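Q: From the sequence below, what's the structure:
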Amino acid sequence: MADRRQRRRYRNPLRVILRRTLLILAAILILIFGISYAEGTVDVTGSSMYPSLQPGDRAFSEPVSYLVREPARGDIVRFSTGAGSGRALVRRIVGLPGETVQIIGGKVYINGAALDESGYTSGEIQYAGTASMPHTLSQDAYFVMADNRSSSFDSRDPTVGDIHKSDINGRLWLRYAPLRRFRLLQ
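A: Numbers count the residues shown, from 1 in each chain. Got it, this is the predicted structure:
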């Protein structure tokens, strides 16, 4: 018995630190997955977010990050809109509150500067809609667009329009199915 106590006293401190770190990381992951699962998963059925999300993909959506930070350009969000069937849509944030968005010659401009979207878009912008003229967002509005720019239902359409932070149900952060496409989302 004394032998066992003495062994505990002289455990490798690196091993203890590693074990505690792994325990904390596991607790954080369980918390994140629990919140994401409780808030919901997204089943992708259409091609509007291609190539980032494809039909058959499943992703976690979490609402917690926007309690501590503002939505950012490039975030993929799930939001509610009164347009169409009233179901949630998934789009990428392009314009931030107070910015001016315009689409000229198939390219998105923010405050007069061309937006670099080389990593996630597909299709040519054929419909500029509400952004055919300079469109200035209010202090609580976001301009969202689908990654598949050729034919998608997003802020360019007046029935969707700008979205507000209160409309955002969550940020998509992890595509978990199918496994071969498992990755964190931008």
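
Q: what's around the residue lying closest to Pro97 once chain neighbours are set aside, how many residues?
A: Leaving aside its chain neighbours, Pro97 sits nearest to Gln139 (5.0 Å; criterion: CB to CB, 6 or more residues apart in numbering). C-beta coordinates here come from the backbone N, C-alpha and C atoms, glycine included. Neighbour count for Gln139, taken as other CB atoms under 10 Å: 6.

Q: Please apply the same query to Tyr142.
A: When counting by other CB under 10 Å, one arrives at 28 neighbours for Tyr142.

Q: Could you do Pro178 as well?
A: Pro178 has 11 nearby residues by other CB under 10 Å.

Q: Contacts only, for the nearest residue to it once chain neighbours are set aside.
A: Once flanking residues are discounted, Pro178 sits nearest to Gly56: 6.7 Å by CB to CB, 6+ apart. Going by CB atoms under 8 Å, 6 or more residues apart in numbering, Gly56 touches Val44, Ala177, Pro178.

Q: and which of those is nearest to Thr21?
A: Of all the contacts of Gly56, Thr21 sits closest to Ala177, with 28.7 Å by CB to CB.

Q: beta partners of the closest one?
A: Counting by DSSP bridges, Ala177 is bridged to Arg58.

Q: Dihedrals phi and psi, Arg69?
A: When read as degrees, to the nearest 10, the backbone of Arg69 gives phi -150, psi 160.

Q: thinking again about what came up before, could you report the pLDDT at the residue nearest to Pro97?
A: Gln139 is assigned 96 on the pLDDT scale.

Q: Quick check: the gap between it and Asp157.
A: Distance, Gln139 to Asp157, using CB to CB, to the nearest Å: 22 Å.

Q: One more: Leu174?
A: According to CB to CB, Leu174 and Asp157 sit 28 Å apart.
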